[in-house]
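>>> Sequence and computational prediction follow.
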Amino acid sequence: MSAQPILSGGDQTTKTEIRFHDTMSGQTEPFVPLVPGEVRVYTCGPTVYDFAHIGNFRTFVFQDVLRRYLKSKGFRVIQVMNLTDVDDRIIQKAAAAGVSIREYTVKYIQAFLDDRRALNLEPPEYIARATEHIDDMVKLIQRLTEKGFTYTSEGSTYYRIAKFPDYGKLSKIDVAGMQTGARVDMDRYDKDNARDFALWKAPKPGEHFWETPIGPGRPGWHIECAAMALKYLGDTLDIHSGGVDLTFPHHENEIAESEAATGKKFVRYWLHAEHLLVDHEKMSKSLGNFATLRELFSHGHKPSSIRFLLASVPYRRQLNFSPESLQGAASSVERLRNFVARLRAEKFPEGSTPAMAERGAKAKEEFDIGLSDDLNTAQALAAIFDLVRDVNTAMDRGEFRLGDAEPVLEAMEMFDTIFAVLRDDDAQKLKSLGIATNAATLSDSEIEALVAERQAARKRRDFSASDRIRDQLAGLGIILEDSRDGGVRWKHK
Ligand SMILES: [Zn+2]
């Protein structure tokens, strides 16, 4: 390859090389896009048969951190995300509900897009629905048929994996000794079931189908992503990402389909996010231990805490999700917001200190170095929390000057370009999702009225009444701070 690794960095003196771990090679390697300055990314989206669970959102937050980071380094990012709005489960569920596929999926598509906004996930350049790309899939299957990679049986079309010698190269599955001609119709299966898979499925009685040149039926899951990736991003993508459980069979099959059709390498870097665990068990719908975002929101968890927690653990590490870890994330976000508020509001003496300008620049550099190392968000965060600690110490000692705020705020802005948690808009977001958290349903003037009522109770020494109001406010997520002069301040928890 003639292209050189892209070197870039916050300033002229520090040039960080971006490195990503590629599942195909098993190595962490310098990142070099095919076209300089441009990154074409495909991310597997959800199958919209239900609300997406928090394990899915771990992957989507990782993909958002990835695109924000690439953009912050000056790349033009073209990201495609699919919506799988036809598959076995959708067909069954729509049939059971007596509605069309479109009617069944519209609610979950809307919920997914709303959930993404709540987590500050940037919209991809293309969101592609499978059902709007049936022609592209049929054409890709026809190309594969012309090259001899398919066969039909009882109206369905299958991919002949024996014809593709590279089959298994991503997941490192051993296909030697596999029985040729053995087939699997299910879209989701494990490595023990590596077989010829369905590209196009003949309809069963009563099922929804499309009338096409390759017969009536519907697409298999794997051909959906391959067809949409090739359509929008060309024969070779820079990055294909998804959850680690998609490596086999989904991504292995996408490679078999696209590379057999084009004769070219499909993907330059495969990035896979590890599982999210709940109490150390893999989270999945089949295990029943999943939580949707909405369930978490209605239990009082903020969008910013969830985003922070999901982003804070590097994507290739397993993340254990627990009430304690969510609480920790909420405190971290609070600490960072308070820090920025203090920088902006406190009256510091005039002047500036060169050491503080250096300190801000150092934090930016370390933050960037962390992310450049395969998106090590934990390392990047450590750089920010070190900065917060040092600056708070300087402020407490009276060693901080007015002109020192700017370089420190710059580092915080750089942090927020990626983490996107500093804006205090959780209550608004929950309100717009129609989720009535207690704090979100009380206006500031209603809170003020309760606070005044409590003050009055205290004045007449009715402490049981004042305690009751305090508890009521605490239950609404409002914390009261009594000051020595008898006044009181309140804030959202
Ligand atoms: Zn996919």
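Here it is on my side, so go on. Numbers count the residues shown, from 1 in each chain.
>>> Run through the residues of the stretch 251-400 of the chain sitting next to the ion.
Neighbours of the ion within the stretch 251-400 of the chain, by CB under 5 Å from the ion: none found. (Glycine included, C-beta is placed from N, CA and C.)
>>> low-scoring pLDDT stretches of the stretch 251-400 of the chain, where are they?
Low-confidence segments of the stretch 251-400 of the chain (pLDDT under 70): 283-290.
>>> now the helices for it?
If DSSP state H, counting those that start in this stretch is used as the criterion, the helices of the stretch 251-400 of the chain fall at 252-262, 293-298, 303-312, 323-345, 354-372, 377-396.
>>> Could you take those helices and lay them out as CSV, with extra columns for mean neighbour count?
Shown next, in CSV, are the helices of the stretch 251-400 of the chain (neighbours: other CB atoms under 10 Å):
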stretch, mean neighbour count
helix 252-262, 24
helix 293-298, 19
helix 303-312, 24
helix 323-345, 16
helix 354-372, 19
helix 377-396, 18
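>>> For those helices, give me CSV that also has distance to residue 430.
Compiled in CSV, those are given as follows (distance: least, CB to CB, whole Å):
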stretch, distance to residue 430
helix 252-262, 37
helix 293-298, 6
helix 303-312, 7
helix 323-345, 14
helix 354-372, 29
helix 377-396, 25
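>>> Show me what the residue in the stretch 51-200 of the chain positioned nearest to the ion is bridged to.
When scored by CB to the ion, the stretch 51-200 of the chain has residue 82 as its residue closest to the ion, at 6.0 Å. Beta bridges link residue 82 to residue 128 when assigned by DSSP bridges.
>>> My guess is it contacts residue 109. True?
No. Look at residue 82 against residue 109 with CB atoms under 8 Å: they stay out of range, at 11.6 Å.
>>> neighbour count winner among these two?
Using other CB atoms under 10 Å, the more surrounded residue of residue 82 and residue 109 is residue 82, with 25 against 17.
>>> measure that one to residue 292 for me?
From residue 82 across to residue 292, the span is 20 Å (CB to CB, to the nearest Å).
>>> re earlier: which neighbours do residue 82 and residue 109 share?
Taking CB atoms under 8 Å, 6 or more residues apart in numbering as the criterion, residue 82 and residue 109 both touch residue 129.
>>> which residue packs closest to the closest residue to the ion within the stretch 251-400 of the chain, ignoring adjacent ones?
Taking CB to the ion, the ion has its nearest neighbour within the stretch 251-400 of the chain at residue 254, 6.5 Å off. In this structure, residue 254 finds its nearest non-sequential neighbour in residue 226, 4.6 Å apart by CB to CB, 6 or more residues apart in numbering.
>>> Kindly state the pLDDT recorded for that neighbour?
Residue 226 carries a pLDDT value of 98.
>>> Do I have it right that it meets residue 258?
Yes. If you go by CB under 8 Å, residue 226 and residue 258 touch, sitting 4.6 Å apart.
>>> shared neighbours of the two, anything?
Contacts common to residue 226 and residue 258, judged by CB under 8 Å, 6+ apart, are 140, 266.
>>> Am I right that residue 99 sits in a strand?
No. Assigned with DSSP: H, G, I helix; E, B strand; the rest coil, residue 99 falls outside any strand and is coil.
>>> what's the spacing between it and residue 83?
17 Å.
>>> cool, residue 279 as well?
30 Å.
>>> more neighbours, the two?
Under the criterion of other CB under 10 Å, the comparison of residue 279 against residue 83 puts residue 83 first, with 22 against 9.
>>> For residue 72, give me the pLDDT.
pLDDT, residue 72: 97.
>>> how about the closest residue to residue 119 other than its chain neighbours, what does it touch?
Leaving aside its sequence neighbours, residue 119 sits nearest to residue 307 (CB to CB, 6+ apart; 4.8 Å). Shown in contact with residue 307 (CB under 8 Å, 6+ apart): 61, 119, 120, 419, 420, 421.
>>> Serialize these to TSV and add fields for pLDDT.
As requested, the contacts of residue 307 are arranged in TSV below (pLDDT from 0 to 100):
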residue	pLDDT
61	98
119	98
120	98
419	98
420	98
421	98
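>>> Just the buried ones from the residues you listed?
61, 119, 120, 419, 420, 421 (16 or more other CB atoms under 10 Å).
>>> can I assume the fourth one is in contact with residue 311?
The reference is to residue 419. Yes. Here residue 419 reaches residue 311: they are 5.7 Å apart, a contact under CB under 8 Å.
>>> Just give me the neighbour total for whatever residue of the stretch 151-300 of the chain ends up closest to the ion.
The ion sits closest to residue 225 of the stretch 151-300 of the chain, with a gap of 3.2 Å, by CB to the ion. By the measure other CB under 10 Å, the count of residues near residue 225 is 28.
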